[in-house]
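Asker: Kindly return the folded structure for what I paste below:
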Amino acid sequence: MSQTLRMRSLLTMGASAAVISALAVPAFAQQAKPPAQQNNTVIEELVVTAQKKEEALQDVPIAVSAFSQDSLEAQKIDGGPNLQQAIPNVSFARSNFTNSFNFQIRGIGAKAVGASADQGVGVHMNNAPMQSGNLFEAEFYDVERVEVLRGPQGTLYGRNATGGVVNVITAKPTDHFEANARAEYGNYNAIRLRGMVNVPIFEDKLAVRLSGASLKRDGFVTNTFNKHVVDDRDLYSTRVQVMFNPTEKLRTNFLWERFHENDSRARTGKQLCTKDNGPATIGGVPTGAARGYLNQGCLPASLYTAGAYGTVNTAGTLTGLLGNIFGFTSGDVNAGDTTSTNLREIETALDPIYRSGSNVYQFTLNYDLSDTLTFTSMTAYSKGSIYTKQDYNRNVSPVPFNSTPFTPGGFFTDPQVGATNKFTTIDVSSGRSEQFSQELRLQSAFDGPVNFNFGGIHFTYRTLTDYYVIGNSLTLSSLALNYSNTGNPNCNPATTARCIGIDTAADPTGDGHNYYLNRTPYTLVSDALFGEVYYQVNEDLKFTLGLRQTRDKKAVKNYSTVLLAPGYGLTLNPSNPDQRARFSETTGRFGFDYKAHLGFTDDTLIYAFYSKGYKGGGINPGVPANSVGIRQTFDPEFVNAFEIGTKNTLLGGSLLFNATGFSYDYKGYQISKIVNRTSVNENVDAKVYGLELESIWSPVRNLKLNANIGYLHTKIGNGVSSIDTMNRTQSNPAYTLVKIGPNSSAVGGNCVLATAGVATIIGAGAGATLPWACSGAAAYQAFLSAPAAAGGAGLPAASAAFLANATGLYTYGAGYSIEGTAANISGNELPNSPHWTTSIGAQYTFELSDGWSATIRGDYYRQSKQFARVYNTEYDRLKAWDNGNLTLKIEKPEWGLSFDAYVKNIGNKIPIVDAYTTDDTSGLFTNVITAEPRLYGVAITKSW
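Answerer: Numbering: from 1, shown residues only. Here you go, the predicted model:
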């Protein structure tokens, strides 16, 4: 569909929706406007700063959703994750990794993974960018409003706002005393406290505002292994603000916000797997003992079948492969084990540990150079750290270790894991970050037709992240390899060649080669100049032109991943110790807004804009040297966006109806997948278009209705393909998946070999050697012919040559290689992009005696089906889900007293809102992300 035709379609849809809305209102076009003011049905309109100046929401030519503190409470929007239930074409899910999330607007979010990957939706606090924030951890408290801007906002908001912006505006100090306190108790023993006090010290010149919030509750998840309840919350946040206005022209505000959390928050959800038992025959030949080397752990099957609650075939994992080769395990140690079908039950030997803390400092200065010119300076600094630890798998293997010299009696004492007789793997993720930004702006308010908003920003961000995967089977494999290579399992890597260094410390130092560590020191320096010029042709028509020049410099220290490699200590990659990338781009927007005078509306704003969005590329983490097709960097994202919208006030202010149509031409959308235990990113092109309808109506006094509808269509461009690690052969029976052996740095991964050759080798009784074939014919032949004492198969030279070169093992058709074949994803939908999002709400206030009132409110949200990955297979499909909330508020404003009761997720549904696929070496299990369970509680609030 051409851009013109697509926009015509959107206009038609918008016009039809407007007609439907008009028909739903009783003949308002044929009669005089109702006295809404007398009936107290006028919708209160928020003032927002979407264009970095104060404007009424209905006057802003941008698709904006805004929520005051009162509306957040009424709709039970406690934090960032709940925003999706009140905004069209928005989805939210926490990520698989530490302190990361995917807030997605119109299909655009953060599907790239890595320290240098940026969000697609900018998160700001008081208009200052927050590269590392607590949007998914912290709760909203003492806010003036939360604004969500949909569509590219790069001109004024910066480099990573191709999808839009979330801007949290805190309540500022005022020149009058006020205070409030709120205490809430709910199920799961939830205790939520919140309070604020504002103290004017010297008239309207100096004031201090103190606020804070805390949450402590029991967990949502039961660990059936030890009967503990996990995924609890124990967090608090405090904020201090000081307003100092020495003169009428000079206004300043200082902010310090502190966040702290220490609990068992589960970074990942339940783990699902449809077990892959491997083929019983290959080419008509029984696979026998080789079957364990021909499975990938989990199959690409639907997450909604009973089979999805199986466990990983450990023979299809790195640790299981090595355990079987070296003899401390036999086959699948999860054999016969399944998991609970309750998505809120896990089985782990280790309860999650989650610790997070941050400090944010902001200083804002506004100085009126004249009555028509204002200079603004925004300085922001933040620093944070996080540490998480949890069981890598979500089940405890029922089969103990074999009794071997390394595991006497089936037990092994691992330096980091401790003493156990079970296959145990731990996931540790930690990081610390620091950022600084300085923005300067000059803004005009001339009486003439031309005004402007010019500025510049300097932004620096530094972070160090460590991601460990620690397993007792990895340490056992290190000992076994040391014995095989040196004759001494406890060799000294400083004096012995080919010796794998083992970290003996209980807390990993990062020096051991007996665990996986991805260490990423990352630095970002970004500078930008930006500006918008506004030309008011007349009192109704205004044109806007905006431009932004952005320069990003990214640098990563490239540490090698040294799992099972000889030596000790973490070292920089000698061939490329410093990875650097620079990106520079000019973006902007151009359009108009027009105040139309229509006979059937009180106010109508029509706007149309073209905008170009940009999100910088990045640096892929280091992967083993033999990985092919993996670029050092991934490209930036670009979006050419066309948007047309209208904002309408009708029926004397009792009805607001807004409609927006948009069409995006997306270049280089960033997506991630796991390759050789490391997340790497690639780019795809896409087309996106959709429609959004928002309305609020107060038909009679004390009754308010609202409805939002979002339609979204996404389509990946033509000629796009990518290897799907869940199905490397694309189900072609001519090829067979084989586990990669220990002669490769990609050990434990999967390769693809010709089925006929695999059958021949198994038929020759050499099936146990197949993992070594994944390194190519020459390496395979060398292994086959090497003597057993040297770690080889000890076959005669002629037999080795025949098996490696004459069986057709490496005979590939067009498009196939030892890596597999790429899946054609042209025309597929972007991930996490449901076609429909719908939310409706209604509230009614009953006026009681003695100044008391009672307000009851209900909200309903539904999101249609979507896909978790770009491959759009049945495995990727996520079902539609919905949610209902109900609140009751009884208050007496004269006393500043209110009582609240609420129920969230009335149906107690547990939808899967997102899913993460791990890599080949872990068996391709799936971590699913779910919504919160039913929550209910009561609260009391007192204001002074």
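Asker: For the stretch 601-750 of the chain, which segments count as strands?
Answerer: With strands called from DSSP state E, counting those that start in this stretch, the stretch 601-750 of the chain shows them at 603-615, 618-619, 633-634, 637-650, 655-675, 678-697, 703-716, 721-723, 735-739, 750-754.
Asker: Put together a markdown table for the ones you listed, with mean pLDDT and mean neighbour count on each row.
Answerer: From N, CA and C alone the C-beta is placed, and that goes for glycine too. Shown next, in a markdown table, are those (pLDDT from 0 to 100; neighbours: other C-beta atoms under 10 Å):
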| stretch | mean pLDDT | mean neighbour count |
| --- | --- | --- |
| strand 603-615 | 93 | 21 |
| strand 618-619 | 75 | 25 |
| strand 633-634 | 74 | 22 |
| strand 637-650 | 94 | 22 |
| strand 655-675 | 86 | 23 |
| strand 678-697 | 86 | 22 |
| strand 703-716 | 96 | 20 |
| strand 721-723 | 89 | 17 |
| strand 735-739 | 97 | 25 |
| strand 750-754 | 96 | 23 |
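Asker: Same list, those strands, but as JSON lines with distance to Ala766 please.
Answerer: Compiled in JSON lines, the strands of the stretch 601-750 of the chain are given as follows (distance: least, C-beta to C-beta, whole Å):
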{"stretch": "strand 603-615", "distance to Ala766": "50"}
{"stretch": "strand 618-619", "distance to Ala766": "42"}
{"stretch": "strand 633-634", "distance to Ala766": "40"}
{"stretch": "strand 637-650", "distance to Ala766": "48"}
{"stretch": "strand 655-675", "distance to Ala766": "29"}
{"stretch": "strand 678-697", "distance to Ala766": "32"}
{"stretch": "strand 703-716", "distance to Ala766": "42"}
{"stretch": "strand 721-723", "distance to Ala766": "28"}
{"stretch": "strand 735-739", "distance to Ala766": "13"}
{"stretch": "strand 750-754", "distance to Ala766": "13"}
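Asker: Could you work out which of those reaches nearest to Tyr141?
Answerer: Closest approach to Tyr141 among these (C-beta to C-beta): strand 703-716, 23.4 Å.
Asker: Show the secondary-structure elements that the closest one is packed against.
Answerer: strand 678-697, strand 836-847 (3 or more C-beta pairs under 8 Å, 6 or more residues apart in numbering; DSSP states H and E).
Asker: Generate CSV for these, with distance to Glu439 as supplementary columns.
Answerer: Shown next, in CSV, are these (distance: least, C-beta to C-beta, whole Å):
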stretch, distance to Glu439
strand 678-697, 29
strand 836-847, 33
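Asker: count of neighbours near the closest residue to Asp78 other than its chain neighbours?
Answerer: Among residues not flanking Asp78 along the chain, Glu139 sits closest, at 5.0 Å (C-beta to C-beta, 6 or more residues apart in numbering). By the criterion of other C-beta atoms under 10 Å, Glu139 has 20 neighbours.
Asker: Same check on the one 4 residues further on?
Answerer: Burial of Val143, expressed as a neighbour count using other C-beta under 10 Å, amounts to 16.
Asker: Quick check: it vs Tyr515, distance?
Answerer: 42 Å (C-beta to C-beta, to the nearest Å).
Asker: now do Ala349
Answerer: From Ala349 to Tyr515 the distance is 17 Å (C-beta to C-beta).
Asker: more neighbours, these two?
Answerer: Tyr515 (26 against 20).
Asker: Spell out, range by range, the helices that occur in the stretch 251-400 of the chain.
Answerer: Along the stretch 251-400 of the chain, counting by DSSP state H, counting those that start in this stretch, helices occupy 318-326.
Asker: Kindly state the domain boundaries assigned to this structure.
Answerer: Here the domain assignment for the chain is 45-170, 173-269+357-383, 271-342+729-818, 397-581, based on automatic domain parsing.
Asker: To His713, which of those lies closest?
Answerer: Short answer: domain 45-170, nearest of the domains of the chain by C-beta to C-beta, at 8.8 Å.
Asker: and Gln730, how many neighbours does it have?
Answerer: Neighbours of Gln730 (other C-beta under 10 Å): 16.
Asker: I'd like the numbering to begin with 122 instead of 1 from here.
Answerer: Understood, numbering begins at 122; the last thing we discussed is Gln851.
Asker: Name the nearest residue to it, ignoring sequence neighbours.
Answerer: Using C-beta to C-beta, 6+ apart, the nearest residue to Gln851 is Thr942, at 5.4 Å.
Asker: Equivalent analysis for Leu858, please.
Answerer: Going by C-beta to C-beta, 6+ apart, Leu858 has Asn871 as its nearest residue, at 5.3 Å.
Asker: Quick check: that neighbour touching Thr850?
Answerer: No. Contact between Asn871 and Thr850 fails when scored by C-beta atoms under 8 Å: they sit 9.7 Å apart.
Asker: List the buried residues of stretch 554-567.
Answerer: For stretch 554-567, a neighbour-count test (16 or more other C-beta atoms under 10 Å) marks Ser554, Glu555, Gln556, Ser558, Gln559, Glu560, Arg562, Gln564, Ser565 as buried.
Asker: ok now it, how far from the chain's centre?
Answerer: Mean C-alpha position of stretch 554-567 versus that of the full chain (C-alpha atoms, centre = their mean, to the nearest Å) differs by 27 Å.
Asker: got the contact list for that stretch?
Answerer: Here stretch 554-567 makes contact (C-beta atoms under 8 Å, 6 or more residues apart in numbering) with 173-174, 248-253, 492-506, 572-585.
Asker: do the same with stretch 897-913
Answerer: With C-beta under 8 Å, 6+ apart, stretch 897-913 has contacts from 605-606, 864-865, 887, 890, 893-894, 914-918, 920-922, 924-926, 930-931, 939.
Asker: And those, which of them are buried?
Answerer: For the contacts of stretch 897-913, a burial check counting by 16+ other C-beta under 10 Å picks out 605-606, 864-865, 887, 890, 893-894, 914, 916, 921, 924-925, 930-931, 939.
Asker: low pLDDT regions in the protein?
Answerer: The chain contains residues with pLDDT under 70 at 122-161, 219-220, 233-236, 742-752, 794-801.
Asker: ranges for the helices of it?
Answerer: With DSSP state H as the criterion, the chain has helices at 124-145, 157-160, 190-195, 275-278, 439-447, 593-607, 876-884, 898-906, 918-926.
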